[in-house]
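Visitor: Here is my input; please provide its structure:
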Amino acid sequence: MRLAITHVASLALTLLFAMPYAYAQTSGDDPWPQLLTYYSKNGQLNVTLEAKPQTINLGDVSFDGATYNGSYGAPVLHLKPGDTLHVHLINHLKETTNLHFHGIHTSPKNNSDNIFTVVQPNQVFDYEVKVSPTQPPGLYWYHSHIHGQTEMQTMCGLSGALIVDPTTPDAVSMRERLLVLKDYTFETAPNDIVKTYYHKFVQTISGQTNVTLQMHPHEKQLLRLTNQSADNTSRLSITGHAFYVVARDGVRLGTPTTETTLNLPPASRADAILDAGDAGQYSIIANGVVTGSGDTKTTDRIMGQVIVAGDAVDSPPLPAGVPRPDLSNAKIDAERSVVFSQSKDGTQYLLNGKIFDHDRIDIRVPLGSTEKWTIKNDTDDLHVFHIHQMHFQVVEINGVPQTDHVYLDNVRIPERGEVKIIIPFTESIILGKFVYHCHVLEHEDKGMMGVIQVYDPHHFDFGEWVDDMWGRICTTMGWKHTALTLFTKAAPVGTPEPRLDGHFDLFDQNGQPVTEKTYEGKYRLIFFGYTHCPDACPTALATLDKTLQTLTDKGRNISIQFVSLDPERDTAPVLKSYLGNFATPMTGLTGTLEQVNRFSKNMNIQFEKVADKDVDGGYSIDHPAAVYLMDKQGNYVDDLSYQATPEEFIAFLKKYGATP
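Guide: Numbers count the residues shown, from 1 in each chain. Model prediction:
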């Protein structure tokens, strides 16, 4: 019976997603910004994307960004359901990168939509993305998805629109406008314009800070809006007008909505029809954004104007909604809860109490299942849930049933609230390992992401079985799960994410040169920080101090090492004085900036000096706040949040045999 219900649900989704609608393009003399556009032909789209650093000039604002093919707005890719997209990605950046095809139902394996792929600087990677024949025609996007750098690369410009066109054109025709919404946040204002007018936050529509939309009186046009902000919700309005929203996240709505302000959380999209109405000039406004100074200071930023002029035209009537199947009527095979939380200092963002580990599979789902997930936000912060490879149906928000059967790939979770969704894991194309995460990319980079694996319960794959059994053994024994490669195939190109390496060449608080071999024969608890740190560092060291005092003689084979990420200020004498405040003897490690950077890179520690605007020449260090356990040979074992209690640290040490 379960298979029959699943088949019906899958068939209903196929019928839903196949329903077409299409709109005419803009004319060549239109002032609306035109982006470089590629269209598939005969089921194929071959395109080269060059990712490279570039100074982005936006009138009186400029910043160091990055582009695909030299365009901040980025090329637009047009596909159809069932097409194959070939992307030749060339990495001219000084750091690793990759691509994710957001909202596309496709394989997460090998050189398809595989976010575990890492493209090194000055290397190339050839993607081959087969779009599902049941892909909903609509608006999607592509962007960098390299963990730890996703926020900055996306904010700098590495994203673009991807449109899946219907296989059969609709009889309804109207002009179409693509609004690629991007923004950039300055850490420090480079000039007075950025400081006083933009307040260090600049926004663009399709690569411009001011756009002009021309319309005839009573003309209707389709606005296709994609919020490609790394972290921010877009709130857009047009004076004297309302949006008639017909689609969200690429899927037609069952009941279109009329909205005066269009709210798009990060990564969300909408198709909205605009009726020009009477002749006149109207403002396109970004709401809720501080702009201007003095008497001109406001929270409404003008992003452009709609000019309605010329002869009136007759436009087609507004389209009706497209009925969708209600998956809540299908048999639910499993229910899960995913909880968003974060550390008090904002250095770690967690899913179900864990930070992201690319080697750990958090959820395994058999193909053919339909699951109900409850997504909870245990914070007062903005969090947006996204899962790769598929759409889901939103069925409840904060206890209120959603009767419109809305299908999304991205949903905002209310602060201190929850959203219930139903996910159909029914398309065989999604078999493999992919991720779900918060699409506030700062949060994703700081750990708010999990790994899901969809497997075929009716097909035995020896390689996947070996890796699964190994993962179960690691979980049972409390070992760090590193993927086996003996029976599994690696991606044809690209390199895996770096493993943690405990090798270093530094000196201690006594000025003596040391390496990891100096401490062979002892377990080590390592914390990376700096002596001027106001919160995480003293808290972590105080907890470790108390932990080892509790262990007494049992802890003599464990040493605590504090690695300074601020060698400019943390000299050996400074470290010696700082660590002298703790009862337990601790080792301070520092060196030249080059030495510290090398060790940090080995351990995949990303840190950044942040200027203190209130102190001349002052700065802080933005750094992770985990405690790393190294074994007697200097190899990385596992890590634990600095906010763990002494009891949790003792259990952690016992788990790995570091103490009886």
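Visitor: which stretches of the stretch 101-250 of the chain form helices?
Guide: For the stretch 101-250 of the chain, the helices defined by DSSP state H, counting those that start in this stretch occupy 150-156, 192.
Visitor: list the helices and strands the longest one packs on?
Guide: Okay, so that is helix 150-156. strand 61-68, strand 138-143, strand 175-185, helix 441-445 (3 or more CB pairs under 8 Å, 6 or more residues apart in numbering; DSSP states H and E). Quick note: C-beta positions are derived from backbone N, CA and C, even for glycine.
Visitor: between the helices of the stretch 101-250 of the chain, which gets the lowest average pLDDT?
Guide: Note on those: helix 192 shows the lowest mean pLDDT, a mean of 89.
Visitor: and the helices and strands packed on helix 150-156 as JSON lines, adding distance to N410, mean pLDDT and mean neighbour count?
Guide: Output for those, formatted as JSON lines (distance: least, CB to CB, whole Å; pLDDT from 0 to 100; neighbours: other CB atoms under 10 Å):
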{"stretch": "strand 61-68", "distance to N410": "22", "mean pLDDT": "94", "mean neighbour count": "19"}
{"stretch": "strand 138-143", "distance to N410": "11", "mean pLDDT": "97", "mean neighbour count": "24"}
{"stretch": "strand 175-185", "distance to N410": "14", "mean pLDDT": "96", "mean neighbour count": "22"}
{"stretch": "helix 441-445", "distance to N410": "12", "mean pLDDT": "95", "mean neighbour count": "23"}
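Visitor: Throw the ones you listed into TSV and include distance to T196, thanks.
Guide: What follows is the helices and strands packed on helix 150-156, written out as TSV (distance: least, CB to CB, whole Å):
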stretch	distance to T196
strand 61-68	12
strand 138-143	31
strand 175-185	16
helix 441-445	25
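Visitor: between these, which one is nearest to D314?
Guide: Among the helices and strands packed on helix 150-156, the nearest to D314 by CB to CB is strand 175-185 (13.9 Å).
Visitor: Output the contacting helices and strands for that closest one.
Guide: For strand 175-185, the packing partners by 3+ CB pairs under 8 Å, 6+ apart are helix 150-156, strand 159-164, strand 201-205, strand 220-227, strand 234-238.
Visitor: First-to-last residue distance for stretch 339-352?
Guide: Using CA to CA, to the nearest Å, one end of stretch 339-352 lies 5 Å from the other.
Visitor: Could you look over the helices and strands packed on strand 175-185 and pick the most buried one?
Guide: strand 159-164 (a mean of 25; mean count of other CB atoms under 10 Å).
Visitor: partners of that strand in the sheet?
Guide: strand 76-79 (parallel), strand 138-143 (antiparallel) (DSSP bridges).
Visitor: Next, format those strands as JSON lines and append distance to M586.
Guide: Converted to JSON lines, these look like this (distance: least, CB to CB, whole Å):
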{"stretch": "strand 76-79", "distance to M586": "54"}
{"stretch": "strand 138-143", "distance to M586": "42"}
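Visitor: Of all these, which one is nearest Y642?
Guide: strand 138-143 (31.0 Å).
Visitor: Between strand 220-227 and the closest one, find me the angle.
Guide: 30 degrees (axes from the mean of the first three to the mean of the last three CA atoms, to 10 degrees).
Visitor: can I have strand 138-143 written out in PDB, keeping just the CAs?
Guide: Only the C-alpha atoms of strand 138-143 are listed here, as PDB (Å, rounded to 0.1, in the frame of the first residue of the first chain):
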ATOM      1  CA  GLY A 138      10.300  28.400 -12.900                       C
ATOM      2  CA  LEU A 139      13.000  30.600 -11.400                       C
ATOM      3  CA  TYR A 140      16.100  29.100  -9.700                       C
ATOM      4  CA  TRP A 141      19.700  30.100  -9.200                       C
ATOM      5  CA  TYR A 142      23.300  28.900  -8.900                       C
ATOM      6  CA  HIS A 143      26.000  30.000  -6.500                       C
END
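Visitor: hmm, who's touching it?
Guide: 77, 99-104, 150, 153-154, 158-164, 224-226, 228, 247, 249-252, 267, 269-271 (CB atoms under 8 Å, 6 or more residues apart in numbering).
Visitor: what residues are up against the closest residue to D165 other than its chain neighbours?
Guide: Spatially, and ignoring its direct neighbours in sequence, D165 is nearest to K80 (5.3 Å; CB to CB, 6 or more residues apart in numbering). Going by CB under 8 Å, 6+ apart, K80 touches S40, G43, V131, P137, V164, D165, P166, T167.
Visitor: that older thread, looking at the strands paired with strand 159-164, which is closest to T188?
Guide: Comparing these by CB to CB, strand 138-143 comes nearest, at 25.4 Å.
Visitor: how far away is the closest residue to T196 other than its chain neighbours from R301?
Guide: In space, not counting the residues next to it along the chain, T196 is nearest to S293; the distance is 4.0 Å by CB to CB, 6+ apart. To R301, S293 is 13 Å away according to CB to CB, to the nearest Å.
Visitor: In terms of neighbours, single out the busier of those two.
Guide: R301 (22 against 12; other CB atoms under 10 Å).
Visitor: Is that one in a helix, a strand, or coil?
Guide: At R301 the chain is in strand, as set by DSSP: H, G, I helix; E, B strand; the rest coil.
Visitor: just to revisit the earlier point, which of the helices of the stretch 101-250 of the chain sits closest to V339?
Guide: helix 150-156 (21.5 Å).
Visitor: on that earlier part again, TSV for the helices and strands packed on strand 175-185, including distance to F186?
Guide: As requested, these are exported to TSV (distance: least, CB to CB, whole Å):
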stretch	distance to F186
helix 150-156	11
strand 159-164	19
strand 201-205	7
strand 220-227	20
strand 234-238	18
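Visitor: So for L653, which of those sits nearest?
Guide: Using CB to CB, the helices and strands packed on strand 175-185 put helix 150-156 closest to L653, at 32.9 Å.
Visitor: Identify the residues contacting the closest one?
Guide: Contact with helix 150-156 is made by 56, 63-66, 93, 97, 143-144, 146, 183-185, 228-231, 441-442, 444-445, as judged by CB under 8 Å, 6+ apart.
Visitor: Could I get the CA-only coordinates of it as CSV?
Guide: Output in CSV follows, covering the C-alpha atoms of helix 150-156 (Å, rounded to 0.1, in the frame of the first residue of the first chain):
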residue,chain,number,x,y,z
THR,A,150,30.0,30.4,1.0
GLU,A,151,28.9,33.6,2.6
MET,A,152,31.7,35.8,1.3
GLN,A,153,31.9,34.3,-2.2
THR,A,154,28.1,34.7,-2.7
MET,A,155,28.1,38.2,-1.2
CYS,A,156,31.0,39.2,-3.4
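Visitor: to the chain's geometric centre, what's the distance from it?
Guide: Centroid separation for helix 150-156 versus its chain: 9 Å, with CA atoms, centre = their mean, to the nearest Å.
Visitor: Look at P325 and give its secondary structure.
Guide: Looking at P325 with three-state DSSP, the answer is coil.
Visitor: And the pLDDT for it?
Guide: 86.
Visitor: hang on, it packs against I422?
Guide: No. In this structure P325 lies outside contact range of I422 using CB atoms under 8 Å: 10.6 Å.
Visitor: Neighbour count for the two, which is higher?
Guide: Neighbour count, other CB under 10 Å: between P325 and I422, I422 has more, with 23 against 20.
Visitor: pretty sure that one contacts T370?
Guide: Yes. Using CB under 8 Å, I422 is in contact with T370, at 6.5 Å.
Visitor: For L36, which non-adjacent residue is spatially closest?
Guide: Nearest non-adjacent residue to L36, counting by CB to CB, 6+ apart: P75, 4.5 Å away.
Visitor: Run a quick neighbour tally on the one you found.
Guide: 20.
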